[in-house]
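Colleague: Structure here, sequence nowhere to be found:
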């Protein structure tokens, strides 16, 4: 009998992909988000029992990010309930270079449950499904000044490994750092998209404080602004400027290059101005 999998963050970028892939494999699923019934809300642990009870394994995508100060308390509570209801396995999506995320990883590693940790770089799909899409459609990018480069990881690779960790035993007790095959600056990444579209995307760098002020003027909530400042100020300080081969070792195939992601995504039309 196949285990019942709870996907926390089931409507998000990784959760929705894992939902589709496990559905294709005919795995029984329970979805966890604020829109499901019963609902799962990280800020309302009093409602977690009904979501966790009866499942065999859990994929965790913490919102907004494991770097958030509340994350360690929430992950501790989730582990306690998982053990209470005999959950066997946890697959945790973590962030590369985030000390707060590493503290959460330790809780999972010491839980006594079967575990796999996926410590990810920035997603390529942030350019097509996330925070950078709007600026690309406007063909005008205002960005904080950065010196570091990033090995963007493709979400299809990440979720292939997440699903493998949920359906096979070979990944139990493994911690993987997930990167793409090349380092790129954000300016180069936007440049590759512009070249593929055969259009110009204006790019301007400004001080981080000025960038944060603009986000506030756009009405972003304070949690989101805090997270963006943390990511640009702490994680993108150069600590992650390495490419590792964990994905290839785990899955026996090379990770997708950012240039291939760009070519495939351009064909979808998501960056076409007319698509708005």
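Modeller: Yep, that arrived. Small disclaimer: the values here were computed from a predicted structure and weren't measured. Numbers count the residues shown, from 1 in each chain.

Colleague: Need the nearest residue in space to residue 27, chain neighbours excluded.
Modeller: The shortest distance from residue 27 to any residue other than its chain neighbours is 5.1 Å, reached at residue 2 (C-beta to C-beta, 6 or more residues apart in numbering). Placement of C-beta: from N, CA and C, glycine included.

Colleague: Tell me the spacing between that neighbour and residue 26.
Modeller: Residue 2 sits at a distance of 7 Å from residue 26 (criterion: C-beta to C-beta, to the nearest Å).

Colleague: Would you map the strands across the stretch 51-200 of the chain?
Modeller: 57-60, 89-95, 114-120, 140-144, 174-178 (DSSP state E, counting those that start in this stretch).

Colleague: what are the pairing partners of the first one, and which direction each?
Modeller: What it means is strand 57-60. When pairing is defined by DSSP bridges, strand 57-60 lines up against strand 5-8 (parallel), strand 89-95 (parallel).

Colleague: Is it possible to get TSV of these that adds mean pLDDT?
Modeller: Shown next, in TSV, are the strands paired with strand 57-60 (pLDDT from 0 to 100):
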stretch	mean pLDDT
strand 5-8	98
strand 89-95	97
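
Colleague: As TSV, those strands with distance to residue 76 would be great.
Modeller: Formatted as TSV, these follow (distance: least, C-beta to C-beta, whole Å):
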stretch	distance to residue 76
strand 5-8	15
strand 89-95	13
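
Colleague: Redo those as TSV? Include distance to residue 121 and mean neighbour count.
Modeller: Below are the strands paired with strand 57-60 laid out as TSV (distance: least, C-beta to C-beta, whole Å; neighbours: other C-beta atoms under 10 Å):
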stretch	distance to residue 121	mean neighbour count
strand 5-8	21	25
strand 89-95	9	25
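
Colleague: Which one of those lies nearest to residue 265?
Modeller: strand 89-95 (21.5 Å; C-beta to C-beta).

Colleague: neighbouring contacts of that closest one?
Modeller: The set of residues external to strand 89-95 that reach it, using C-beta atoms under 8 Å, 6 or more residues apart in numbering, is 3, 9, 14, 56-62, 65-67, 75, 79, 82, 101-102, 104-105, 108, 111, 113-120, 158, 162, 165-166, 172, 235.
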